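Student: just the structure for this:
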Amino acid sequence: MEKWEFAYIEKKHSGYMLSIYEYSDYRIFIKDYYEERKSANPAFSYRYLAQKAGINSAPFFKFLIEGKRSLTKETISKVVAALKLDIKESEYFENLVFFNQAKGVKEKNRFFDKLIGLQKARNTLRIGMEKYEYFSEWFHCAIREIATLSDFGEDFMKIGNSLRPPISALKAQNSVDMLVRIGLLKKEGSHYVQAEPLISTGYGVENYQIIKYQIKMLRMAVEAYDRLNAAERSMSSLTLSVSRETYREMVKEMRIFRARLMEMAGMDASPEMVYHFNMGLFPLSKRIPRPDEA
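Tutor: Numbering: from 1, shown residues only. Next up, the predicted model:
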């Protein structure tokens, strides 16, 4: 599976190569800005950039890029002035900083949605907006699968009612239209077929799109206990203690198992239903030192 990457468009913008709107990490943006300016003028330095920002610390931007420093509301305004960002760019940069530095899911969600809103408002080529749409609702992924299982034609009510829980015909039609528009479905006669291989994850903003989607699907897994009988669902959990080395091996085995499930689905000549598979492995304790480390 290929990872999602940001499609960086080479273009001149406000004196540097790349637009702030094409970034999901403000530290990478500053790093690229610095390297672009440095390549154009070898005399350009972290000290000079700090002076332009009115910050009395020569290595401030170096530490910022390395993740050793974070930005505050006050230092954000100084940085955008040094980078010569306009009002809209400064707004995007500020929300990007808050998104990157947010600790909780709710806080990240809030700033993530602001970033998407700012990208929509620009009416220009955006980073992964089509992927944001795909993972913005749980049923887009399901419809991409179910639309290929039968000759639904334009019967969007039937498509919507085929889902569990069902959705309206309008939502189903909008979903199909979106999938066709972004190239994940295409129509052959009255039948839909998948036009692209399954999309995998990436990093930064796009990776967070996946996180939001996964949270939605985990909530649906909880709701499945009430919606479905035991014969229609398979749920299990396991708690165990392992070393870091064994954890890494378990992650490898999970990837192998996930790939095997995808292979099995690909070989199925007559699929009948769409399923979602969740798999997670997370700690329930802090690391406890081994006896030989005491």
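Student: can we go C-alpha only for contacts and neighbour counts from here?
Tutor: Noted.
Student: name the helix or strand for V193, please.
Tutor: Element membership for V193 (DSSP states H and E) is strand 191-194.
Student: got the buried residues for that strand?
Tutor: Using 16 or more other CA atoms under 10 Å as the test for burial, strand 191-194 gives 192-194.
Student: thought S190 was touching G153?
Tutor: Yes - shown here, S190 and G153 form a contact pair, counting by CA atoms under 8 Å, at 4.8 Å.
Student: using a markdown table, lay out the buried residues of strand 191-194 together with distance to S136 and pLDDT.
Tutor: Converted to a markdown table, those look like this (distance: CA to CA, whole Å; pLDDT from 0 to 100):
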| residue | distance to S136 | pLDDT |
| --- | --- | --- |
| Y192 | 21 | 86 |
| V193 | 21 | 86 |
| Q194 | 19 | 82 |
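Student: can you tell me which of those lies nearest to N100?
Tutor: The nearest member of the buried residues of strand 191-194 to N100, counting by CA to CA, is Q194 at 34.1 Å.
Student: excluding chain neighbours, give the residue nearest to the closest one in space.
Tutor: If the residues on either side of it in the chain are set aside, Q194 comes closest to L185, at 4.6 Å by CA to CA, 6 or more residues apart in numbering.
Student: mind listing what that neighbour touches?
Tutor: L185 makes contact with 144, 176, 179, 192-196, according to CA atoms under 8 Å, 6 or more residues apart in numbering.
Student: at 10 Å instead, please
Tutor: With contacts defined as CA atoms under 10 Å, 6 or more residues apart in numbering, L185 is in contact with 143-145, 147-148, 176-179, 192-196.
Student: least confident pick among the residues you listed?
Tutor: For these, the least confidently modelled position is E196, at 62, judged by pLDDT.
Student: quick one: low-confidence ranges for the stretch 51-200 of the chain?
Tutor: Under the criterion of pLDDT under 70, the regions of the stretch 51-200 of the chain flagged as low confidence span 120-131, 196-200.
Student: number of nearby residues for the closest residue in space to R69 that isn't next to it in sequence?
Tutor: For R69, the nearest residue in space outside its immediate sequence neighbours is F63; the separation is 5.5 Å by CA to CA, 6+ apart. Counted with other CA atoms under 10 Å, residues neighbouring F63 total 14.
Student: F63 sits in which helix or strand?
Tutor: F63 is located in helix 60-65, with elements delineated by DSSP H and E.
Student: which residues sit against that helix?
Tutor: Contact with helix 60-65 is made by 26-32, 34, 45-47, 49-50, 53, 55, 59, 67-71, 79, as judged by CA under 10 Å, 6+ apart.
Student: can you check stretch 278-294 too?
Tutor: Around stretch 278-294, the neighbours that count as contacts under CA under 10 Å, 6+ apart are 214, 217-218, 221, 235, 237-241, 243-244, 247, 250-251, 254-255, 258.
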